[in-house]
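Participant: Pasted the sequence and its predicted model underneath.
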Amino acid sequence: MTKAPSYRNRIELLQGTLDMLILHTLKWGPAHGYGIVQALRTRSGDVLQVETGSLYPALHRLERQGWARSEWNQSEGNQRARYYRITAAGKKQLAADVSRWEQMVDVMGGILNEADGGAA
Amino acid sequence: MIRLPKRFERRKDELDEEIRAHIAMDIANRMERGATREEAEAEARREFGNVALVRDVTQGIWRWRRLERLISHLRYALRVLRRSPGFSVTVIATLAVGVGAACAMFTVVDRVLLRAVPFVDANRLVEIGESPKGGAAFRESPFLDIQQWQQRSQALEEVAFFGSNSSKVWFLGGNDNAMHVSSASVSANLFPMLGIHPALGRGFAANDSGGSVAPGDAHAILLSNAAWRTQYGADAAIVGKTVELNGERDTVIGVMPAGFTFPYQGMNATGLPVVWQPIVLTPADAMRGHHQAPTYQCLARLRVDATLASAMAQMNAIQPSVSATYTEVQDRDNAASVNLRRYTDAPVKENLRMTLVALLAASGLLWLIACLNVTSLMLARATSRQREIAVRGALGASRWEIAEQLLMEGLLLSICAAAGGVGLVAAVLKIFQHGLETQFHLHESLTPNLAMVGVLLLLTAVGTLLTSAWPALGAARASIEPALRQNAPQQGTGRAHRRMRSALVVGQIALSLTLLVGCGLLLRTIYALRHVALGFRTEHILVANMTIPSYKFAGRDMTTALYQPLVERVKRLPGVESATLLTEVPLGKTFQMIFTFDASGNSASAIRQRALEAQFRAVGPEMQSVFGFQMLRGRFFTPQDTPASQAVIVVNRAFVRAYYGDDSDPGKIIGQSLIGYGKGRRSVVVGVLADERQVNVADPSQPEMEVCLPQITPTSMFYNAAEGRAMDIAVRTNRSPASMIPELRDILRSASPDLASSTYNTMDRIVEDSFGSQNLAATLLEIFGGSALLLSLSGIYGLLAYLVAQRRREMGLRIALGAQQWNVMSLVLKQATWMLMVGLCAGLAIAYLATAALRTLLYGVKANDPWSMSVAALVMFLGSLVAALVPARRAARVDPIEALRAE
């Protein structure tokens, strides 16, 4: 399968980071699936394109685990849409995910910088 | 049809709407930015991707999703099974037989062997009995000994005692008529020690020390729940009321909880509801010696940190000083040591335990045979469905889904079989009912319980795996392409597959042969038992076992007041040749008296005589004409033996042997005076009976002593022991004994209303019941063995018929090329013969090892009896040949033209 040209500059999400990004997005207020895709795309400067095939399973998984709740509501364009809202448990989970992520970035950064220094 | 909950359907709609909203918003957004509607729609759909895939993956997250898949498998399985009803019914019936047999046997084993005695920490309860030094005897003890143990043993937390004569019937007065109950007298600390407290009222008040009941409660009784319900209609205000027990007025102080009975079931021979009386000490309890003080059975609770062995060692350290306080040498010897045994071990005799375990194993074998049979059928079916499965695979079903589908079909079949099996359980338990009453004294009807349901579920699950896993995995592993490409019906499916099915058939033959050999051994045992020379006649004899309200005859001689007139009336019935009174018929199980001697001194004969335990019976002089036994020496009782004449007794040959030692002339004992009938009334031996079987058909003759019933008067020492407790009337008729029962019952009822519930039995039946455990085992093994035989024959037939169908073209070709019918048949028979030979050899080997478990049951035949083995093998062989002949003939009759054209 060939990739569409517009995807060329986008990066694939690391395993497990999608949940964290969704929860993070929901922290700013309730959002529907389309809204989350748009928000992530805008904030990443068009680099992140979340596949709907990953997004919806992820949303339903978050709901099943009690990290998000959903309800039907009217959107701006008078369109009925399903809005997801982060729960208290979800916030806790997000904090844990973020701190683990930062730790990971630190460790990775440390290792990679050291390798650069050694080569120089 | 099965439907998913509405909620699930709604959620599916919601997901669709969610996706539609996503796309709609995207379109609106794009149009706002200036795209035309067509462009926007196309772009939005492209970016969203595969809607169906997104929906599927998302639904996969839901819990319901897996359930939905299972349900769709179930739906499909139902359709498949309905489409081939013949196959489904065969499989369900086969599995039901196996599961039903195994569960029924489990229910019995669970009830008789596994279910613990229902007292708190029952494994710490021990019985204590005294015995001569190093002996295994289990004598009752007087209170003084028990008191010593209470005070001095550190291994025992509590020592309680009780007295019971479980075969005696008591009469509990009520509003209208007296109810038959059994009674035990108990010490005050017994029920608290068992951890059981009255559900209503209170227990017996304890005396200061020793655990006996305070004199204030001397006329108090405790009712069992059953007695309370039956006789007093569960009267909530019963406590404090006065009731009559054997004519004496007692106050009810409490009612025990439902289901509680003591002595524990299996030891209560009558199965009647129980009432408990208090043990209040009397001056006699302050004495020692077996003829002065009453004796009690002793039940104690071990301390948590004590073991049976440590307690026994400790008790035996105390015992010498306890027995030293006896004044008589013989009493001292008899109480020289102490034996302890766990209360939970007591109820079931060893050979009954073996019977049950052997039968449980047999039912397990039958179940296994059924499973092998069904596995073979499932394999055949998986082969014939290869096409269908390949198509499903080609349409995108994963291998796991295909395996799951096939397993689901297996599970469905197993569940149907389990339901059918429950019906069979009830039927098998009905066969057991009579045996349970005579062998285990279980008077309740067994019903499937929770434990059985557990076993049923387990067998169903394991059965499904056994029968379906192999075919399912095989089908899932098979490659799709070749199955689809072939346009002819499936040809041979490989050697491995055929070998597997042959192996299954061989296994069935081997296991069935094992069951058949066991069945043969028991049939020979039954035959041998039926042909034992009993020493008396049994045909045309009817026995009435009477329950006697002896308290109503206090102060009168029951023999002259009740029994004798009764017998005279019975003798006048048409068809009666003779009738006699006796305390217990030979081989009867309702009442047994053992007589022990007090020979003093230390001579060899005195020691032998002290060890002598003789069966004791009081019988009428007509007994000889009823039972027709032989006198070896001397004479039997005659009508001339009256209370006024010289007191006489007869003994049997085994008695003489035990009394005088071996090989002496039995006539030597005649004229000897062994025992007295009462004060100053010595008896002489007038005759010696030939040996007879008194207790068990399989046991050799035991020492026996008979006294003459008309000579016993209320002043005789045996009067209370014998007449007040049990009396049988044995009637010899020249018509069918069973047809006499109504007339006999009328006579008894008119003599005394309390005799109305006497029980009647023919002597033939009593003899049969005396080897009841063998009869039971034989009946069940006949059923199990027969079913196993049928199953394995159907297995052989099924496999060969399948092979013949597969090789139809080849057979047709052979015949077309000139093969004779016999050549074609021998092809099939050869296959059958080698399976049969391997199966028979394996089966004989297993039977040789397995039948050792039956050893305790067998009589007159050895466990590895060559006759039983060869007959069983022959039956199996001939049956298999017949089963093989049908497909073989079908092969021989293949029409070559048709077979070749079928392509």
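Facilitator: It's in.
Participant: secondary structure element for residue B:702?
Facilitator: Under DSSP states H and E, no helix or strand contains residue B:702.
Participant: pLDDT at it, what is it?
Facilitator: For residue B:702, the pLDDT comes out at 80.
Participant: which residues touch it?
Facilitator: Contact analysis of residue B:702 by CB atoms under 8 Å, 6 or more residues apart in numbering or on different chains lists B:614, B:615, B:654, B:694, B:695. In short, each C-beta sits where N, CA and C put it, glycine included.
Participant: Show me the subset of those that also lies near chain A.
Facilitator: Among those, no residue sits close to chain A (CB under 8 Å from any CB of the partner chain).
Participant: Next, count neighbours for the residue in the stretch 101-250 of chain B that chain A sits nearest to.
Facilitator: Here the residue of the stretch 101-250 of chain B nearest chain A is residue B:103; by CB to the nearest CB that distance is 40.3 Å. When counting by other CB atoms under 10 Å in any protein chain shown, one arrives at 26 neighbours for residue B:103.
Participant: Out of the contacts of residue B:702, list just those in strands.
Facilitator: Here DSSP state E is the test, and the contacts of residue B:702 give B:614, B:615 as lying in strands.
Participant: so what secondary structure elements neighbour the top helix by length along chain A?
Facilitator: Criterion DSSP state H: the longest helix present in chain A is helix A:88-119. Secondary-structure packing of helix A:88-119 (3 or more CB pairs under 8 Å, 6 or more residues apart in numbering or on different chains; DSSP states H and E): helix A:17-26.
Participant: Contacts (any at all) between chain B and the helix it packs on?
Facilitator: No - counting by CB under 8 Å from any CB, chain B is not contacted by helix A:17-26; separation bottoms out at 12.3 Å.
Participant: Identify, from the contacts of residue B:702, the entry nearest to residue A:113.
Facilitator: Nearest to residue A:113 among the contacts of residue B:702: residue B:695, at 97.1 Å, using CB to CB.
Participant: isn't residue B:846 right next to residue B:516, touching?
Facilitator: No - the criterion here is CB atoms under 8 Å, and residue B:846 misses it with residue B:516 at 11.5 Å.
Participant: Now do stretch B:191-202, average pLDDT.
Facilitator: Confidence over stretch B:191-202, taken as the mean pLDDT, stands at 89.
Participant: Neighbour count for residue B:846 and residue B:516, which is higher?
Facilitator: In terms of neighbours (other CB under 10 Å), residue B:516 is the more surrounded of residue B:846 and residue B:516; the figures are 29 against 16.
Participant: residues near residue B:533, how many?
Facilitator: The burial count for residue B:533: 9, using other CB under 10 Å.
Participant: oh, I was asking about residue B:644
Facilitator: Neighbourhood size, residue B:644 [other CB under 10 Å]: 6.
Participant: Secondary structure class of it, three-state.
Facilitator: coil (DSSP: H, G, I helix; E, B strand; the rest coil).
Participant: Which phi and psi values does it adopt?
Facilitator: phi -80, psi -20 (degrees, to the nearest 10).
Participant: Check the spacing between it and residue B:714 real quick.
Facilitator: Look at residue B:644 and residue B:714: by CB to CB, to the nearest Å, they are 15 Å apart.
Participant: for residue B:108, same thing?
Facilitator: Applying CB to CB, the value for residue B:108 to residue B:714 is 46 Å.
Participant: which regions of chain A lie under the pLDDT threshold?
Facilitator: Chain A contains residues with pLDDT under 70 at A:1-15, A:115-120.
Participant: Give me the most central residue, it.
Facilitator: For chain A, the residue sitting closest to the mean C-alpha position, by CA atoms, centre = their mean, is residue A:21 at 2.3 Å.
Participant: isn't that residue right up against residue A:40?
Facilitator: Yes - at 6.1 Å, residue A:21 and residue A:40 qualify as touching, with contact defined as CB under 8 Å.
Participant: which residues are in contact with both of these two?
Facilitator: A:48, A:50.
Participant: Would you point out the helix or strand in chain B whose mean pLDDT is lowest?
Facilitator: Least confident helix or strand, chain B: helix B:719-722 with a mean of 63, by mean pLDDT, DSSP states H and E.
Participant: neighbours around residue B:467, how many?
Facilitator: Per other CB under 10 Å, the neighbour tally for residue B:467 reads 29.
Participant: and what of residue B:138?
Facilitator: By other CB under 10 Å, the residues close to residue B:138 number 17.
Participant: got the phi/psi numbers for it?
Facilitator: Per degrees, to the nearest 10, the backbone of residue B:138 is at phi -140, psi 70.
Participant: and the spatially closest residue to it that is not a sequence neighbour, what does it touch?
Facilitator: Take residue B:138 and drop its neighbours on the chain: the residue closest to it by CB to CB, 6 or more residues apart in numbering or on different chains is residue B:129, 3.2 Å away. By CB under 8 Å, 6+ apart, residue B:129 lies in contact with B:137, B:138, B:139, B:140, B:141, B:297, B:298, B:338, B:339, B:341.
Participant: can you check residue B:360 too?
Facilitator: Counting by CB under 8 Å, 6+ apart, residue B:360 touches B:102, B:105, B:106, B:109.
Participant: Can you tell me which of these end up in strands?
Facilitator: The members of the contacts of residue B:360 all map outside strands under DSSP E.
Participant: Which strand or helix spans the one residue in the stretch 401-550 of chain B that gets nearest to chain A?
Facilitator: For the stretch 401-550 of chain B, the residue closest to chain A is residue B:401, as judged by CB to the nearest CB, at 19.8 Å. In the assignment (DSSP H and E), residue B:401 maps to helix B:399-440.
Participant: where do the strands sit along the stretch 1-150 of chain B?
Facilitator: Applying DSSP state E, counting those that start in this stretch to the stretch 1-150 of chain B gives strands spanning B:125-131, B:141-142.
Participant: tell me what the shortest one is packed against?
Facilitator: Under the contact definition 3+ CB pairs under 8 Å, 6+ apart, strand B:141-142 sits against strand B:125-131, strand B:295-302.
Participant: Please repeat the previous calculation with a cut-off of 6 Å.
Facilitator: If you count contacts as 3 or more CB pairs under 6 Å, 6 or more residues apart in numbering or on different chains; DSSP states H and E, strand B:141-142 packs onto strand B:295-302.
Participant: residue boundaries of the strands in the stretch 751-900 of chain B?
Facilitator: Using DSSP E, counting those that start in this stretch, the strands of the stretch 751-900 of chain B run over B:759-762.
Participant: Now do the contacts for residue B:359.
Facilitator: Contacts for residue B:359 (CB atoms under 6 Å, 6 or more residues apart in numbering or on different chains) come out as B:105, B:780.
Participant: Check it and give its pLDDT.
Facilitator: At residue B:359, pLDDT is 87.
Participant: Now do it against residue B:37, distance only.
Facilitator: For residue B:359 relative to residue B:37 (CB to CB), the value is 82 Å.
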